[in-house]
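# Need coordinates for the below:
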Amino acid sequence: MFKGLDKVITNLTRIKMELNSKIDYTFIDLSLEWIKKKANSNLDKRTSKFWGSDARQWTKTIIGSVGKLENQDMNSASIEFGIGQAGNISGTIQNIAKQEGWEYNLPSVFKDNNGRWTFRDDRTGIWITFDGYEGKSFLYDAFVEYMQSNVWYQLYQKAFDKIVRGAIK
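Got it, this is the predicted structure:
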């Protein structure tokens, strides 16, 4: 009936797919950045450096509509979930950790009969007895806040506005 209508529909469909793809990418990027900043803030509030490590080392990967935020610090899981007797405290994050195979208070030749580590701090010369470390749930709590406070919705709206407004200028 109308000459070229099929071509217009095809072009509009292509534009819609490109916009959706850009919105998804921007939304994932904004979300991962928000979660990373919140997790780092939780770390700042809940702990100081953990045995000289810095759990603020993140890599962010976005492939298609899937994003991944990964902590590169070798002690990040110990900080998140805890270790030893002190880490074996029941709670939501510890239960999740156990379901995922995280084990607490494993036997070690470095522990005494009470399950504690005793070592000498080379900087101070002081002997320290350590029974573990309670998890700080820095990443888990960041994600829970992201979901429960509808941060995801606000970030999606921000991504949508940014991409759509940029496309219609």
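
# Only C-alpha atoms from now on, for both contacts and neighbour counts.
Noted.

# and stretch 86-101, average pLDDT?
For stretch 86-101, mean pLDDT rounds to 77.

# isn't Arg56 right up against Asp73?
Yes: look at Arg56 against Asp73 with CA atoms under 8 Å: they come within range, at 7.5 Å.

# which one of the two has more residues nearby?
Arg56 (18 against 15; other CA atoms under 10 Å).

# For the more buried one, pull up the helix or strand it's in.
Arg56 is part of no helix or strand when elements are defined by DSSP states H and E.

# same question for the host helix or strand of Ser41, mean pLDDT?
Element membership of Ser41, judged by DSSP H and E, is helix 5-46. Helix 5-46 shows a mean pLDDT of 89.

# helices or strands up against that helix?
Judged by 3 or more CA pairs under 8 Å, 6 or more residues apart in numbering; DSSP states H and E, helix 5-46 is in contact with strand 58-63, strand 66-71, helix 138-148, helix 151-167.

# and Tyr125, how many residues sit next to it?
One thing to correct before we go on: residue 125 is Gly, not Tyr. Neighbour tally, Gly125, other CA under 10 Å: 9.

# And Gly135, by the same measure?
Neighbours of Gly135 (other CA under 10 Å): 21.

# Check whether it really touches Ile79, as I assumed.
Yes: contact criterion CA under 8 Å: Gly135 and Ile79 qualify, at 5.4 Å.

# Distance from the chain centre to the helix holding Ser41, please.
Centroid displacement of helix 5-46 relative to its chain, using CA atoms, centre = their mean, to the nearest Å, is 17 Å.

# Leaving out sequence neighbours, find the closest residue to the most centrally placed residue in the chain.
Among the residues of the chain, the one closest to the centroid is Leu139, at 4.5 Å (CA atoms, centre = their mean). Distances taken as CA to CA, 6 or more residues apart in numbering put Ala39 closest to Leu139, at 4.9 Å, once the chain neighbours are dropped.

# got the angle for the helix holding Ser41 vs strand 66-71?
Angle of helix 5-46 versus strand 66-71, following axes from the mean of the first three to the mean of the last three CA atoms, to 10 degrees, is 20 degrees.

# picking that back up, who are the contact partners of the residue nearest to Leu139?
Going by CA atoms under 8 Å, 6 or more residues apart in numbering, Ala39 touches 138-139, 141-142.
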